[in-house]
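Visitor: Test case, fold it:
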Amino acid sequence: MRAPGGEVVITGGLGFIGSHLVDAYLAAGHSVRIIDSNAGAVVDGEDYDTDPRCTVIRQRVEDHLASGGDFAGVDRVIHAASYVGPASILSRSGRLGHDIIGSTAPVIEACAAAGVPLCMFSSAEVYGRSGVLDEKDDIVVPTQYNTRIEYAVAKTLAEAMVCNSRQHGLRGIVIRPFNVAGARQSRAGGFVMPTFVQQALAGRPITVFAGGEQVRAFIAASDLTAFLIGFMDAALDGDDVIINVGNPANAVTVMELAERVKALLGSPSPIVGVDGRTVHGPHYAEAESFHKIPALRTATDLGWRPRVTLDELIMATADYYRAREDRRAVNAPL
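Guide: Here you go, the predicted model:
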């Protein structure tokens, strides 16, 4: 029986953000079709396999669509599938642009053909500079084409494709999330919150890159999903296609984050400075947005507000990893 809220397709639904979206849409009364290649999965999906409201397709979305799949009759599509994380993307250097556009283009086409609304996840990396970042700001493309710039440029092109496809009838929006964190996020991708939390819980050194002066504004995955559940329809009806979703109240330097994690968890871990290239290899690079803080305009104009504090987010992450291992990083050293 079809759930009262209609069926939602979530690409990348076994990943960190995707799985939180799946849970939120199920809780809101929808049925969910998950399309995920397992490349970035943080859950095995077995609970979804046994849920009659879920369909799990373990395949790349572009392959699924090329083999005859479509989005006919679904309520909406959330395109969250992507390689992500400053460490995870390194193995795709030179192919990352193809990966991102290769999955996004057929999703846009299939949504347009079926008359189905689309929300595509982009990244705050697209801004290419430091500071308080607004959706109306120009994007800067640095000339040193490292893997992070390849990722940012590909996401920028995907954004443009969604925006321009609205001229041809697509109902679509783009989310630029800022440093989403919380339970299930893996340190395997190079994400700082789960790395610090797991190091602190294990009593291992908390490793801070680049002096720890980077500023990040962390938002809980639950706050991000609340925007999609409560405000996506209003956003689709608005004029603003690009929407920042973040929590500027949680802005903190990476060094301050390390200190707060250590204090909140009562950890004996020392805080040590480390060159990120010694951990992730010689091609690792810090983000161009050394200070990355979202200006919230469109999302808050619609009535949404982030609610989870930084301390609450740290503790939720710690509670999760006290009870279970990091599925993607189980064999990776701390």
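
Visitor: Could you tell me the model confidence score at the closest residue to Asp49 other than its chain neighbours?
Guide: Nearest non-adjacent residue to Asp49, counting by C-beta to C-beta, 6 or more residues apart in numbering: Val56, 5.5 Å away. All C-beta atoms are positioned from the backbone trio N, CA, C, and that covers glycine. Note on Val56: pLDDT of 98.

Visitor: Quick check: closest non-adjacent residue to Leu296.
Guide: Per C-beta to C-beta, 6+ apart, closest to Leu296 is Asn244, 6.0 Å.

Visitor: Point to the helix or strand of the chain where mean pLDDT is at its lowest.
Guide: Within the chain, no helix or strand scores below helix 276-280, which has a mean of 88 by mean pLDDT, DSSP states H and E.

Visitor: burial measure for the residue nearest to Arg166 when sequence neighbours are not counted, as a count.
Guide: Among residues not flanking Arg166 along the chain, Gly172 sits closest, at 6.0 Å (C-beta to C-beta, 6+ apart). By the criterion of other C-beta atoms under 10 Å, Gly172 has 26 neighbours.

Visitor: partners of Gly172 in the sheet?
Guide: Here Gly172 sits in beta bridges with Leu118, as judged by DSSP bridges.

Visitor: Show me where the stretch 51-200 of the chain has its helices.
Guide: 61-66, 96-114, 147-165, 192-202 (DSSP state H, counting those that start in this stretch).

Visitor: in the last one, what counts as buried?
Guide: Okay, so that is helix 192-202. By neighbour count, with 16 or more other C-beta atoms under 10 Å as the criterion, the buried positions of helix 192-202 are Val192, Met193, Pro194, Thr195, Phe196, Val197, Gln198, Gln199, Ala200, Leu201.

Visitor: shaky segments in the chain?
Guide: Across the chain, the ranges flagged by pLDDT under 70 are 1-4.

Visitor: hang on, the earlier thing: residues in contact with the least confident helix or strand of the chain?
Guide: By C-beta atoms under 8 Å, 6 or more residues apart in numbering, the surrounding residues in contact with helix 276-280 are Pro86, Ala87, Leu90, Gly190, Thr207, Phe209, Ala210, His283, Tyr284, Glu286.

Visitor: Check which residues of it are buried.
Guide: By neighbour count with 16+ other C-beta under 10 Å, helix 276-280 contains the buried residues Gly276, His280.
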